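Visitor: Quick one: sequence plus predicted model below, questions after.
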Amino acid sequence: MKKGIDYIGNAAVTICHDGNGNYLLGLRSDKCRDEYNRWDPIGSGGIEFGDTIEDTIHREVKEECGSEVLKIEFLGTRETFREHDGKRTHWIQFDYRVQIDPEQVKIMEPEKCLELRWCKIDEIPEPMHSQFPLFLEKYKDKL
């Protein structure tokens, strides 16, 4: 059984920042599950059985960009319906703004991430992951 397809998946979605208005984005490679060559926030992932959301955030941020988490701020939740490989998917997203140490940041998964880039909210490159504009619109007053 597949999470998000055979049953509702849940994920911690993070947008990492440096505390100075810069946000970390990654460019997805063709080795990712979908949405190749699109920019999205770093440090997000499915919540595994037995892990808390905070455990997931710490693990995913470390795995994807090598940084320790300095501060976690809850933004809200979203329910996401998409299609992937011709199958409908359904996810509950727990969204967070996460401060990290920019000195620790590096590409940790070169097979999945072609580039990391720090940018201001109004300088986010295109094309973006299909769900990222929705995230930005929902939380524009909190970022």
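Guide: Structure's in. What do you need?

Visitor: make it CA atoms for all contacts and neighbour counts henceforth
Guide: Will do.

Visitor: Chain neighbours aside, what residue packs nearest to H58?
Guide: V69 (6.1 Å; C-alpha to C-alpha, 6 or more residues apart in numbering).

Visitor: Give me the neighbour count for that neighbour.
Guide: V69: 17 surrounding residues under other C-alpha atoms under 10 Å.

Visitor: what helix or strand is the nearest residue to F81 once chain neighbours are set aside on?
Guide: Nearest residue to F81 in three dimensions, chain neighbours excluded: H90, at 4.8 Å (C-alpha to C-alpha, 6+ apart). H90 is part of strand 87-100 when elements are defined by DSSP states H and E.

Visitor: which other residues reach that strand?
Guide: Residues from elsewhere that reach strand 87-100 (C-alpha atoms under 8 Å, 6 or more residues apart in numbering): 4-5, 7-19, 67-83, 143.

Visitor: Could you do stretch 118-133 as well?
Guide: If you take C-alpha under 8 Å, 6+ apart as the criterion, stretch 118-133 is touched by G21, N22, Y23, L24, L25, E35, N37, R38, W39, D40, P41, L143.
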